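> Predicted model and sequence follow; I will ask about them next.
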Amino acid sequence: EEEEKVMKNKDGTYMVGSRVEARWRSSEEFHPGKIVSVNAKAGTYHVAYDDGDVDKKVPKGHVRDEEDQEGDDDEEELDLQEREEMKGEMQARMKESGFGQLLRSKGSMWLASNYSHCVSWSQSGLYLNLKAEKPWCADVEEEDWGAYDEEHAEKIRQLVARGEHGDRRQEIVFIGAHLKKDVLKALLDDCLLTDKELRAGPKAWRKLVDPFELEVE
């Protein structure tokens, strides 16, 4: 079997099949993966990460050679002591939070103040990235849903058909050590609308302040 490696075009862009490191959802950390396709017009890569995640719109500036441990010229690699300090700070904050050591979380969420768009959630260590990426499937034709396999598409069809809010939902996975589900659930439940706010409906929700000031991509 041929060894996977970095392959570049004459202009320095990566070729399909190249082993690279890329920033997941524009986070600060690089993760290993492979170039699946290239959108030359948009200047982005479709990257399949080794942990199973996929990002179809990774900017060129967020991709580097897998063996390039130095990073960009204008970024200095943290030394071992700094990394240990960051690790200690992260563990201390997680301990204070009361819900255990949360290492990573990912998924999608529905914000009442952003009724029309699905918000992607991506957290790694101390970094959390939220993006209002695409309309909920209930608001667009099925042909515009994107690349879903049939099993996932059928699930979406059922959600869309169930009623007023369609496939809008909270779907977040938390990964860590000694996580306290009850504490996490209580914190998330505190973010829900009150019964009175829920009865007010989407028109009233649009007037709510967006705490994240998300811009639609």
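Perfect, I can see it now. Every value quoted in this text rests on a predicted model; they were computed, and no experiment measured them.
> wait, what's in contact with the residue nearest in space to the middle of the chain?
Centroid-nearest residue in the chain, with Cα atoms, centre = their mean: residue 122, separated by 3.4 Å. The contact partners of residue 122, taken as Cβ atoms under 8 Å, 6 or more residues apart in numbering, are 24-25, 27, 105-106, 128-130. (C-beta placed from N, C-alpha, C; glycine too.)
> And the helices in this protein?
For the chain, applying DSSP state H gives helices covering 80-97, 150-161, 181-189, 195-200, 202-205.
> Flag every buried residue along the shortest one.
Meaning helix 202-205. For helix 202-205, burial by neighbour count (16 or more other Cβ atoms under 10 Å) applies to residue 205.
> Spell out, range by range, the strands that occur in the protein.
Here the chain has its strands, by DSSP state E, at 19-23, 30-39, 44-49, 54-59, 63-65, 101-109, 117-124, 127-135, 171-177.
> Could you check how many residues crowd around the closest residue in space to residue 205 that isn't next to it in sequence?
Among residues not flanking residue 205 along the chain, residue 112 sits closest, at 4.0 Å (Cβ to Cβ, 6 or more residues apart in numbering). Residues lying near residue 112 (other Cβ atoms under 10 Å) number 19.
> again with residue 162
11.
> how much space between it and residue 52?
Distance, residue 162 to residue 52, using Cβ to Cβ, to the nearest Å: 28 Å.
> and stretch 142-157, how far from the chain's centre?
Put simply, stretch 142-157 sits 19 Å off its chain's centre (Cα atoms, centre = their mean, to the nearest Å).
> Which residues does that stretch contact?
Taking Cβ under 8 Å, 6+ apart as the rule, stretch 142-157 contacts 134, 137, 167.
> How about the first one: which residues does it bridge to?
In other words, residue 134. Residue 134 has these beta-bridge partners by DSSP bridges: residue 118.
> thought it was touching residue 114?
No: using Cβ atoms under 8 Å, residue 134 is not in contact with residue 114, being 11.8 Å away.
> ok so, going back, would you check that the residue nearest to residue 205 makes contact with residue 207?
No: in this structure, residue 112 is not within contact of residue 207 by Cβ under 8 Å, at 10.0 Å.
> Would you single out the least confident of the strands of the chain?
Lowest mean pLDDT within those: strand 127-135, at a mean of 83.
> buried set for that strand?
129-132, 134.
> Over to stretch 55-64?
Buried residues in stretch 55-64 (16+ other Cβ under 10 Å): 55, 57-58, 62-64.
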